[in-house]
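# this is the structure alone, sequence omitted:
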């Protein structure tokens with residue numbers, strides 16, 4: 001029987017451990033909120049800056065696509081760095097690279113160089129992959145039963161970025177105009193400054209490293225439980241990759257072309273802002289709810305619920321004309337919410353699929369595949385709109401959801417308990 005002093009010491013250690021976990025989650029949340037504020041500011045102005053440089057909107061979307069490709073390219077090497085040196089160093093290195101990328105992109109805008117803008121956006125996206133992998137650091141810190149909620153908290157930080165980022169743009173513009181920058185240069189200033197602030201916070205405050213908590217829960221070992229190739233063949237991993245990729249592609253296809261569809265109907269930019277605002281609200285605001293539901297009722301069920309929302313969104317969008325607020329607003333809201341359910345629950349399920357360094361590398365590979373798919377979808381969305389029109393594009397996107405649903409049915413016995 002333990003003595004009262006032993007019980008008290010154990011309680012004190014448990015309280016300190018809980019306070020440390022909560023502090024680290026706070027650090028990750030603050031850094032994510034700051035960086036995503038800058039990230040949203042950059043992506044808000046990039047297509048406009050590209051259009052001004054080129055004198056045409058035809059290839060203006062390529063700059064944002066380069067940012068997404070950079071995001072995809074950065075996840076695997078930064079995840080490998082995290083597996084060897086810890087989450088803290090990987091996030092700091094990524095955010096530092098993002099600062100340089102924002103500066104290069106700003107230089108390209110100032111000097112009307114489209115190629116320099118593309119290079120800067122690729123580097124900026126590469127660095128931001130460190131921030132995106134931060135959601136897995138939150139899962140490292142949290143107990144297994146609360147991983148989805150921890151990931152959801154970091155995803156929710158995007159809500160702050162989506163609101164504050166556009167608000168700060170005029171301030172950034174006033175700061176950079178005396179130095180010869182066009183009005184869009186303020187967005188890149190915000191991107192660089194916010195990434196730098198986030199990097200300093202993570203470097204100073206993310207101690208101890210989140211992976212130390214993951215090692216304790218994995219039994220205190222850093223040995224790989226299985227080669228990465230073998231892990232990628234697991235049914236649960238195949239299913240989650242398909243769900244994450246399809247969810248990202250469906251969202252990007254419709255989200256990218258909806259503003260074009262609206263402007264094609266002669267509507268003002270105000271309706272575009274309203275529709276995309278509702279969509280972004282659905283993407284981020286309800287993250288705590290999706291995380292709680294995944295922890296409480298199972299991650300696989302929440303993914304399926306998100307897929308049902310994606311299908312409903314595409315069915316609402318398909319018959320909607322560009323001026324139909326009644327259909328477009330709920331369609332884009334459900335599109336964002338369905339993505340959120342799948343993204344939060346899928347990220348948590350991937351975390352459960354492996355242990356030690358293999359887990360970190362798996363997370364990097366999964367994010368790389370997901371973001372490459374998103375970049376391809378952004379490029380193909382215009383082609384599909386020209387070929388199929390908006391209705392056909394929406395129905396095509398909705399049909400893609402059937403693939404992960406089919407895998408869910410195939411692996412139903414193994415996924416039932418998840």
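Perfect, thanks for sending it. Remember, predicted model here, so these are calculated numbers, not experimental data. Numbers count the residues shown, from 1 in each chain.
# I figured residue 210 was touching residue 133, is that so?
No - using CB atoms under 8 Å, residue 210 makes no contact with residue 133, being 10.7 Å away. No exception for glycine: its C-beta is placed from N, CA and C like everyone else's.
# which residues do the two both contact?
Common contacts of residue 210 and residue 133, defined by CB atoms under 8 Å, 6 or more residues apart in numbering, comprise residue 87.
# between these two, which is the more surrounded one?
residue 210 (27 against 23; other CB atoms under 10 Å).
# so for residue 157, what's the pLDDT?
In this model, residue 157 is scored at 88, pLDDT.
# can you check residue 374 too?
So residue 374 comes in at 88 (pLDDT).
# wouldn't residue 335 be in contact with residue 280 here?
No - contact criterion CB under 8 Å: residue 335 and residue 280 do not qualify, at 10.5 Å.
# for the two, work out which one has more neighbours and name it.
Each of residue 335 and residue 280 has its neighbours counted (other CB under 10 Å); residue 335 has more, 30 against 20.
# the more buried one and residue 209, how far apart?
For residue 335, the distance to residue 209 (CB to CB, to the nearest Å) stands at 36 Å.
# ditto for residue 81
12 Å.
# ok, residue 299 next?
25 Å.
# who has more neighbours out of the two?
residue 299 (28 against 20).
# list the contacts of residue 403.
242, 246.
# could you point out the longest helix of the protein?
Taking DSSP state H as the criterion, the chain has its longest helix at helix 4-54.
# list the helices and strands that one packs on?
When contacts are defined as 3 or more CB pairs under 8 Å, 6 or more residues apart in numbering; DSSP states H and E, helix 4-54 sits against helix 61-85, helix 87-110, helix 114-132, helix 134-141, helix 147-176, helix 185-205, helix 210-217.
# could you redo the last one with a cut-off of 7 Å?
Using 3 or more CB pairs under 7 Å, 6 or more residues apart in numbering; DSSP states H and E, the elements in contact with helix 4-54 are helix 61-85, helix 87-110, helix 114-132, helix 134-141, helix 147-176, helix 185-205.
# and for residue 32, the neighbour number?
Neighbours of residue 32 using other CB under 10 Å come to 28.
# what does residue 144 give?
The burial count for residue 144: 11, using other CB under 10 Å.
# over to residue 115?
When neighbours are counted by other CB under 10 Å, residue 115 registers 9.
# so how far is residue 55 from it?
15 Å.
# show me what contacts the residue nearest to the spatial centre of the chain?
The chain has residue 132 as the residue nearest its centroid, 5.7 Å off, counting by CA atoms, centre = their mean. Taking CB atoms under 7 Å, 6 or more residues apart in numbering as the criterion, residue 132 is in contact with 71, 75, 367.
# grab the nearest non-local neighbour of the second one.
Going back to what we said before, that points to residue 75. Computed as CB to CB, 6 or more residues apart in numbering, the closest residue to residue 75 that is not its neighbour in sequence is residue 367, at 3.9 Å.
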